[in-house]
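Q: I would like the atomic coordinates for the input below:
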Amino acid sequence: MMCVLQRVRSARVEVEGEVVGRIDKGWLALVGAEKGDTEEDADWTADRIAGLRAFQDEAGKMNKAVAEVGGAILVVSQFTLLANLSKGRRPSFERSLEPQPASALCDRVAAELEKRGLPVETGRFGAMMDVHLLNDGPVTFVLNSKQR
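A: Presented below is the predicted three-dimensional model:
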């Protein structure tokens, strides 16, 4: 799985003008499922998101996980993370997992985060979403379960 993780002061997702997910401080997690991804990849991704120590401690160092700062996570499916841009001018999405299993894996990431006691909001899989965020830092990381 691919995940672009952005530390935010706030984030929300709207579908057709309706807010479907909103958080204050925490992570905006844009998650893409690739062909061959498994539940193990989803679990690893959730574990990395929950445990990543990238929030500031009292000394201003990135040393705290999201739970330690009272943060939340907004999980948004993002199949375009798997785009191949190496040929031509049009992206190829041949690496992206089919919608049904991809949706299940994105849901699993959110569920695994909730199991860890974290507040989780989500976008709406397959919908055209407007994602609004106030990036904190900016601090942005890319996780890839294939590179563990």
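Q: The residue sitting nearest the centre point of the chain: what's it in contact with?
A: Centroid-nearest residue in the chain: Ala29, 1.8 Å away (criterion: C-alpha atoms, centre = their mean). Ala29 is in contact with Cys3, Val4, Leu5, Ile49, Ile73, Leu74, Val75, Val76, Val109, counting by C-beta atoms under 8 Å, 6 or more residues apart in numbering. Using the backbone N, CA and C atoms, a C-beta is placed for each residue, glycine as well.
Q: Contacts for the helix or strand the last one falls within, please.
A: Under the assignment given by DSSP states H and E, the secondary-structure element containing Val109 is helix 99-115. Residues lying outside helix 99-115 but in contact with it, judged by C-beta under 8 Å, 6+ apart, are 1, 3, 29, 31-33, 37, 39, 41-43, 45-47, 49-50, 73, 75, 77, 79, 96-97, 120, 122, 125-126.
Q: immediately after that helix, which helix or strand?
A: Next along the chain from helix 99-115, counting by DSSP H and E, comes strand 120-122.
Q: Heading C-terminal from that following strand, find the next helix or strand.
A: Downstream of strand 120-122, the first helix or strand assigned by DSSP H and E is strand 130-144.
Q: Write a ChimeraX command that selects only the buried members of the contacts of helix 99-115.
A: Per 16 or more other C-beta atoms under 10 Å, the buried members of the contacts of helix 99-115 correspond to this ChimeraX selection:
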select :1,3,29,31,32,33,37,41,42,43,45,46,49,50,73,75,77,79,96,97,120,122,125
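Q: So which of the contacts of helix 99-115 belong to helices?
A: Glu39, Asp41, Ala42, Asp43, Thr45, Ala46, Asp47, Ile49, Ala50 (DSSP state H).
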